[in-house]
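Participant: I would like to see how this sequence folds:
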Amino acid sequence: MHEAGHALLHLLVGEGDIVKLSIQSEISPERRLYALGALETRQTRPRFLTRQEHENHLVIDLAGLAAEQIVLGDFGDGGGGVHGSDLHQATLRALDLETSLGLGNSLVYLGAKGSAHLRAQLANDKDLRRQVNRCLRAAFDQARELLSENRDALDALTDALLTHQALSGRAVLETVGGTNAKMKKAS
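Facilitator: Below is the predicted model:
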């Protein structure tokens, strides 16, 4: 359901096309079964992003955790804990919005997007952490709301992904199209 959440919300609020959605199961060195997944997309037009488009990316980044919470009652630790994880990417995007891109609560530029300086500032500045957390929390709440409104599509996409392990962009669209999903882009 984690990867299905990402894909569904990409269809609802994202830019570009889904190329492929996939999962695979592996066993960790601690003998714990876990799934790895990927949503591969293709941007249809390169351009600068607005705040709303960045917020939509945050919603998509956090959709996997929101899907877990909806289906399982809570989310696990698979969306964070390592560089490149959903939570890592979302946190960096929210940090950039607030400190570098002029798209947060202030127009003040504090450093280069993704810089070590900004990450250190996040670790040491409670007010900045609160701002970034508010941004992440709003995106998570929106992801949860959109997925709840489209639960049939989430379940259908999860079932199809578990059955086939990989779906083309066309198969994702066909699966979601067969439900009552509100395919209107959110704003």
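Participant: In terms of pLDDT, where does the residue most central in space within the chain sit?
Facilitator: Geometric centre of the chain, nearest residue: Asp61, 1.4 Å, by C-alpha atoms, centre = their mean. pLDDT, Asp61: 96.
Participant: Give me the distance from stretch 125-134 to the chain's centre.
Facilitator: 20 Å (C-alpha atoms, centre = their mean, to the nearest Å).
Participant: In it, which residues have enough neighbours to count as buried?
Facilitator: Going by neighbour count (16 or more other C-beta atoms under 10 Å), the buried part of stretch 125-134 is Leu128, Gln131, Val132. Glycine gets a C-beta too; all of them are placed from N, C-alpha and C.
Participant: I'd guessed the first one sits against Gln121; true?
Facilitator: So the one you mean is Leu128. Yes: Leu128 is in contact with Gln121 according to C-beta atoms under 8 Å; the separation is 6.0 Å.
Participant: what is in contact with these two at once?
Facilitator: Both Leu128 and Gln121 are contacted by Thr99, under the criterion C-beta atoms under 8 Å, 6 or more residues apart in numbering.
Participant: Okay, now the unreliable bits of the chain?
Facilitator: 26-28, 31-35, 46, 182-187 (pLDDT under 70).
Participant: Pretty sure the residue nearest to the centre of the chain sits in a helix.
Facilitator: Yes: per DSSP: H, G, I helix; E, B strand; the rest coil, Asp61 lies within a helix segment.
Participant: so it sits right up against Asp86, yeah?
Facilitator: Yes: at 5.2 Å, Asp61 and Asp86 qualify as touching, with contact defined as C-beta under 8 Å.
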